[in-house]
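Q: no sequence on this one, just coordinates:
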């Protein structure tokens, strides 16, 4: 294997550092298990669900004569020293770990750990010792889908420290890789592909890369719902669910347990898990279709591609929205907030929706907003809102939310897009893609204007916004389903 093959990048931005746990052979070694009790990773692993890229802020580095370990967290807003490897409950440390359940009412600080295995053995035992975590907690993380592996450590980014680069080169040296039968015949890109670990007794060989989401994103709302009452329809091929706001359709990168798919499967007593066919935002409620088989999942995806699936939404806007087709173009960057422009821009995605009707209704009462944790985003007038029925012509992430906000009519409770809409109202021209946008003399000025505009957006809503997927149908209405009344009615 040539050295230059080892330096192929698969997205350096996915790391802010490479975290490696290297232990001397005589220090807290992870015991190997018999081959009959362990699963050895290979490219034929059944789960092929690589996670999205993340960016982490590098934190503290603790060294002893027998271990080198770097701890990081994905909180880019603060950078502070973390405690040594022993975890206790104090303001400056991570809390003491026990189990992931019961679900906490408040989210813990983000924490993601990256490891390169030095001594092969069971993955649960290795992570538990490397990160000083209780074995039951690590077992819960694996059950939640919060642990990933790759046969070969991904390449560190240009911002990596000399020590991190040195460790990476040691772990990917040809003299080391040639000793590993598991990567024989694979390209570097193939060997660096990440997969989710599914069993606590899986065997990880020396040199394997591990990513551990120690604090998964949680969804406490899942435990408050009567899921059986949210089932709209059950057929041999699919299930239609009236999704509650504040829940994830199919789970997140680090949590596939607390999802609509999982809880609906259990509510119906199915042995085979439901499959996700399409998505709506966590803060949106309404109709979602799950497939009962892989075959129908593929069939439904085909119907979406062929535009045979029709979706209607109810949106509770803070200001009136004109009836008719609204067209924008969305920047092709897969991060929030989604930026859109009325002007055609090469490479940007077409976004179209049709406002079928818009009627004036009372603004939701405070008791209702409090019940669904609808956030006060600072809209100046809260006497009336405007309920719009919308035919979604294209299906882009955050499309309805971003388009209505661009029209000056953000959705009630949308803490991400309403603050930016208010800023544009008070300071016309702030939006570099809006009607009052300015002219820029150079690219740097435009980049700075875009960054400033992004900064005026808020955070993702915690539970609900005024948006419901009220109807879904396909095959010219042969299959037609409606959600119950939205939370504001």
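A: Cool, the structure landed. All of these numbers come straight from a predicted model, not from anything done at the bench.

Q: Report how many residues lie close to the residue lying closest to residue 259 once chain neighbours are set aside.
A: Leaving aside its sequence neighbours, residue 259 sits nearest to residue 251 (Cβ to Cβ, 6 or more residues apart in numbering; 3.9 Å). In short, each C-beta sits where N, CA and C put it, glycine included. Residues near residue 251, counting by other Cβ atoms under 10 Å, number 22.

Q: ok, now how distant is residue 251 from residue 300?
A: 18 Å (Cβ to Cβ, to the nearest Å).

Q: Pull out the buried residues from stretch 340-348.
A: Residues 340, 341, 348 are the ones in stretch 340-348 that count as buried (16 or more other Cβ atoms under 10 Å).

Q: Dump those residues to TSV, plus secondary structure and distance to residue 123.
A: Formatted as TSV, the buried residues of stretch 340-348 follow (DSSP: H, G, I helix; E, B strand; the rest coil; distance: Cβ to Cβ, whole Å):
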residue	secondary structure	distance to residue 123
340	strand	43
341	strand	46
348	coil	42
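
Q: Looking at these, which is nearest residue 178?
A: residue 348 (46.1 Å; Cβ to Cβ).

Q: Check which helix or strand the nearest residue to that closest one once chain neighbours are set aside maps to.
A: Once flanking residues are discounted, residue 348 sits nearest to residue 329: 3.9 Å by Cβ to Cβ, 6+ apart. Using DSSP states H and E, residue 329 falls within strand 324-330.

Q: Output the buried residues of stretch 340-348 in JSON lines, with pLDDT and distance to residue 255 appended to each entry.
A: What follows is the buried residues of stretch 340-348, written out as JSON lines (pLDDT from 0 to 100; distance: Cβ to Cβ, whole Å):
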{"residue": "340", "pLDDT": "95", "distance to residue 255": "29"}
{"residue": "341", "pLDDT": "95", "distance to residue 255": "34"}
{"residue": "348", "pLDDT": "97", "distance to residue 255": "31"}
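
Q: remind me, longest strand of this structure?
A: Ranked by residue count and defined by DSSP state E, the top strand of the chain is strand 349-362.

Q: That strand: what's the following helix or strand?
A: With DSSP H and E, the next secondary element past strand 349-362 is helix 366-371.

Q: List the buried residues in that next one.
A: Under 16+ other Cβ under 10 Å, the buried positions of helix 366-371 are residue 369.

Q: thinking again about what came up before, who's in contact with the residue nearest to residue 348?
A: Counting by Cβ atoms under 8 Å, 6 or more residues apart in numbering, residue 329 touches 340, 341, 342, 343, 344, 345, 348, 349, 350, 351.

Q: the helices in this protein, which residues?
A: For the chain, the helices defined by DSSP state H cover 123-131, 135-144, 162-171, 174-177, 188-191, 260-268, 294-305, 366-371, 399-406, 418-426, 443-455.

Q: so how far is residue 185 from residue 167?
A: 26 Å.

Q: Who has more neighbours out of those two?
A: Legend: neighbour count by other Cβ under 10 Å for residue 167 and residue 185, higher for residue 167 (21 against 8).

Q: Need the pLDDT of that one.
A: Residue 167 carries a pLDDT value of 81.

Q: Now residue 423. Nearest residue, chain neighbours left out?
A: Counting by Cβ to Cβ, 6+ apart, the residue nearest residue 423 is residue 456, at 4.3 Å.

Q: which residues sit in contact with the one you found?
A: Residue 456 neighbours (Cβ under 8 Å, 6+ apart): 419, 420, 423, 424, 430.

Q: Quick check: end-to-end length of stretch 244-254?
A: 20 Å (Cα to Cα, to the nearest Å).

Q: my bad, stretch 142-155
A: End to end - Cα to Cα - stretch 142-155 spans 24 Å.

Q: count of residues packed around residue 211?
A: 24.

Q: Quick check, it in contact with residue 145.
A: No: counting by Cβ atoms under 8 Å, residue 211 sits too far from residue 145 to count as a contact (11.8 Å).

Q: the strands in the stretch 51-200 of the chain, which residues?
A: 57-63, 67-73, 112-116, 121-122, 147-150, 195-196 (DSSP state E, counting those that start in this stretch).

Q: Isn't residue 128 up against residue 140?
A: No: using Cβ under 8 Å as the test, residue 128 is too far from residue 140 to be in contact (11.6 Å).

Q: Pull up the overlap in contacts between these two.
A: If you check residue 128 and residue 140 against Cβ under 8 Å, 6+ apart, no residue is contacted by both.

Q: ok so, going back, using a markdown table, please lay out the contacts of residue 456 together with neighbour count and distance to residue 159.
A: Supplementary listing: those in a markdown table, determined by neighbours: other Cβ atoms under 10 Å; distance: Cβ to Cβ, whole Å:
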| residue | neighbour count | distance to residue 159 |
| --- | --- | --- |
| 419 | 21 | 30 |
| 420 | 25 | 29 |
| 423 | 18 | 31 |
| 424 | 20 | 34 |
| 430 | 18 | 31 |
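
Q: ok, and the closest non-adjacent residue to residue 476?
A: residue 308 (7.7 Å).

Q: typo on my end, it should be residue 220
A: Counting by Cβ to Cβ, 6+ apart, the residue nearest residue 220 is residue 103, at 4.7 Å.

Q: Contact partners for the one you found?
A: Residue 103 touches 218, 219, 220, 222, 223, 258, counting by Cβ under 8 Å, 6+ apart.

Q: Quick check: the two most widely separated of those?
A: 218 and 223 (10.2 Å).
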